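S.K.: sequence and predicted model, in that order:
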Amino acid sequence: MKVVAINGSPRKNWNTHILLNKVLEGAENASAQTELINLYDLEYKGCIGCLACKVKNGKSLGRCAVNDGLKPVLDVIDTCDGLILGSPIYLGGVTAMIRAFLERLIFQYISYDDHLKSYFNGSMRTAFIYTMNVSESMLTQFGYNEIFKSYETMLNRHFSYTGTLLSTETLQVKDYSKFHMAQFNEMDRKKRREETFPDDCQKAYDLGKSLCRT
């Protein structure tokens, strides 16, 4: 079994990246082969609307035809068994890099002949991890739950959706005194990092194992 993690955060070895690694640890414990891909290491754009993936009898029918840094990643995902996406929330949504990635991943599989049909022929379980500054109680206030549900629906159209992990009130930096961030309580954030974030890591590990259940 092959499980791929997609890191949509520009920050390595921080909240999103750490949780994705925990997912892969869980998958490896279930005997899966794993790979983590950092989107910010790649050169690519979102969908350019060329419609090559929709051309009748075309060589790229159901597959993105754009040959750039994302193409090898899409090829790997097309044959993997599990896909875990991770993104911090920037300006009320996922990062631009993961949004562009999703455009390329999803649009190639959409059929304009039959909305119930998908050009994805495999069987893949998917999940999403979101990290954010806001508290859990503020999710509804900012409309985040609807955003998360929309991505679940998008992925569920072509694949099997396993679950969503939300990591809230995350630690933004190691030393708050260096930044204009007075609205955040450094001690509270560091306490949460020590007491709550390990629970998120365990949930991520369990999520990785669930991606591999038969």
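M.R.: Happy to help now that I have it. Residues are numbered from 1 along each chain as shown.

S.K.: over to the residue located most distally from the centre of the chain: give its phi and psi.
M.R.: Outermost residue of the chain with respect to the C-alpha centroid, by C-alpha atoms, centre = their mean, is residue 57; its distance is 31.8 Å. When quoted as degrees, to the nearest 10, the phi and psi of residue 57 stand at phi 60, psi 20.

S.K.: how confident was the prediction at it?
M.R.: As predicted, residue 57 sits at a pLDDT of 91.

S.K.: same thing with the one 10 residues further on?
M.R.: Reading off the per-residue confidence, residue 67 sits at a pLDDT of 94.

S.K.: how about it, secondary structure?
M.R.: coil (DSSP: H, G, I helix; E, B strand; the rest coil).

S.K.: residue 155 touches residue 124, doesn't it?
M.R.: No: between residue 155 and residue 124 no contact is recorded; they are 9.3 Å apart, counting by C-beta atoms under 8 Å. (C-beta placed from N, C-alpha, C; glycine too.)

S.K.: residue nearest the centroid of the protein?
M.R.: Nearest to the chain centroid, counting by C-alpha atoms, centre = their mean: residue 85, 1.7 Å.

S.K.: dump the residue contacts of that one.
M.R.: Each residue near residue 85 by C-beta atoms under 8 Å, 6 or more residues apart in numbering is listed here: 5-6, 8, 98, 102, 126-129.

S.K.: quick one: residues contacting residue 2.
M.R.: 32-35, 76, 79-82 are the contacts of residue 2 under C-beta under 8 Å, 6+ apart.

S.K.: distance check, the residue farthest from the centre of the chain against residue 63.
M.R.: Note on residue 57: its distance to residue 63, by C-beta to C-beta, to the nearest Å, is 14 Å.

S.K.: now, which of the contacts of residue 2 lie within strands?
M.R.: Members of these lying in strands (criterion: DSSP state E): 33-35, 82.

S.K.: a markdown table for those, including distance to residue 151 and neighbour count?
M.R.: Shown next, in a markdown table, are the ones in strands among the contacts of residue 2 (distance: C-beta to C-beta, whole Å; neighbours: other C-beta atoms under 10 Å):
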| residue | distance to residue 151 | neighbour count |
| --- | --- | --- |
| 33 | 25 | 13 |
| 34 | 22 | 23 |
| 35 | 21 | 14 |
| 82 | 17 | 28 |
